[in-house]
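In: Just to be clear, the model below is a prediction. Sequence and coordinates:
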Amino acid sequence: EAQVTQNPRYLITVTGKKLTVTCSQNMNHEYMSWYRQDPGLGLRQIYYSMNVEVTDKGDVPEGYKVSRKEKRNFPLILESPSPNQTSLYFCASSFYNGDTQYFGPGTRLTVL
Amino acid sequence: AQSVAQPEDQVNVAEGNPLTVKCTYSVSGNPYLFWYVQYPNRGLQFLLKYITGDNLVKGSYGFEAEFNKSQTSFHLKKPSALVSDSALYFCAVRASGSARQLTFGSGTQLTVLP
């Protein structure tokens, strides 16, 4: 089954404790992206990647890091999480043009 | 910079009636426009897109959208709403150039009343 998977689905952590949210897709997509969803703000893009070793900032990259060492994986790293990063995070992938994106189920992160 | 506005946070419509969810956009150059739907506790699902060609685009589940360049709008429509259409709808835009950054609107909660 074609899908985008994210882990963990739910995470409660404390300020400053480094964490990684994994994202993997099995559709051989070139394009991958991370979004955060906050009430009233819709989805805002954090980072995106056009292909392996190619990443670029979205609208809200501060406080986040990404890497794209393999085509199927695109982990999101929070080196020192803060409470304002409490949010619902979605990973998405598509073929090279980034148009019809397939979304993962989401990761609900709470930073205390 | 590109942006999307969804002026209605909430739209209520009776089952069987036509529905419209509004979207306007701002982008440099030609726009690529999208509608996505989010059901409770799920990720977003692609509904339809406008790249070029016919201004009326048909998508999944009987939805369609009309691209209006002069009004910079891309409203989502359905002739007859179903209760199961109740969900959160997002409009998105990107420029037709080389950048692949997709900008989403704030979302519109559609409730179809039985």
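Out: Perfect, thanks for sending it.

In: Spell out which helix or strand contains the nearest residue to A:T5 once chain neighbours are set aside, please.
Out: Nearest non-adjacent residue to A:T5, counting by CB to CB, 6 or more residues apart in numbering or on different chains: A:S24, 5.2 Å away. C-beta: built from backbone N, CA, C; applies to glycine. Element membership for A:S24 (DSSP states H and E) is strand A:19-25.

In: State whether B:Y61 is indeed within a strand.
Out: No - assigned with DSSP: H, G, I helix; E, B strand; the rest coil, B:Y61 falls outside any strand and is helix.

In: what about it, distance to chain A?
Out: According to CB to the nearest CB, to the nearest Å, B:Y61 and chain A sit 15 Å apart.

In: related to what we said a few turns ago, please spell out which residues along the strand holding A:S24 are buried.
Out: Residues A:L19, A:V21, A:C23, A:S24, A:Q25 are the ones in strand A:19-25 that count as buried (16 or more other CB atoms under 10 Å in any protein chain shown).

In: if we can go back for a sec, what about the residue nearest to A:T5, distance to A:L76?
Out: 12 Å (CB to CB, to the nearest Å).

In: Give me the most central residue, chain A.
Out: A:W34 (3.1 Å; CA atoms, centre = their mean).

In: which residues does that residue bridge with?
Out: A:Y47, A:C91 (DSSP bridges).

In: Wait, it touches A:V66, no?
Out: Yes - using CB atoms under 8 Å, A:W34 makes contact with A:V66 at a distance of 6.6 Å.

In: okay, and the common contacts of the two?
Out: Shared contacts of A:W34 and A:V66 (CB atoms under 8 Å, 6 or more residues apart in numbering or on different chains): A:I46, A:Y47, A:F74, A:L76.

In: Nearest to B:L56, out of these: which one, please.
Out: Using CB to CB, A:I46 comes nearest to B:L56 of those, at 33.6 Å.

In: Would you confirm that the residue nearest to A:T5 contacts A:M32?
Out: No - contact criterion CB under 8 Å: A:S24 and A:M32 do not qualify, at 9.5 Å.

In: Name the residues contacting each of the two.
Out: A:F74.

In: Report the strands that pair with the helix or strand of chain B with the lowest mean pLDDT, each with its relative direction.
Out: Within chain B, confidence by mean pLDDT, DSSP states H and E is lowest for strand B:103-104 among all helices and strands, at a mean of 90. Next to strand B:103-104 in the sheet, as set by DSSP bridges, lie strand B:87-95 (antiparallel).

In: Quick one: residues in contact with the partner strand.
Out: Applying CB under 8 Å, 6+ apart, the contact partners of strand B:87-95 are A:42-43, A:98-99, B:2-4, B:6, B:21, B:23, B:25-40, B:44, B:47, B:74, B:76, B:100-105, B:107-110.

In: OK, contacts around residue 15?
Out: Reading this off chain A. A:S80, A:P81, A:S82, A:P83, A:V111, A:L112 are the contacts of A:T15 under CB under 8 Å, 6+ apart.

In: right idea, wrong chain: chain B
Out: Contacts of B:E15 (CB under 8 Å, 6+ apart): B:A81, B:L82, B:V83, B:V112, B:L113, B:P114.

In: doesn't B:V21 make contact with the fourth one?
Out: By that I understand B:V112. No - counting by CB under 8 Å, B:V112 does not reach B:V21; the two are 11.6 Å apart.
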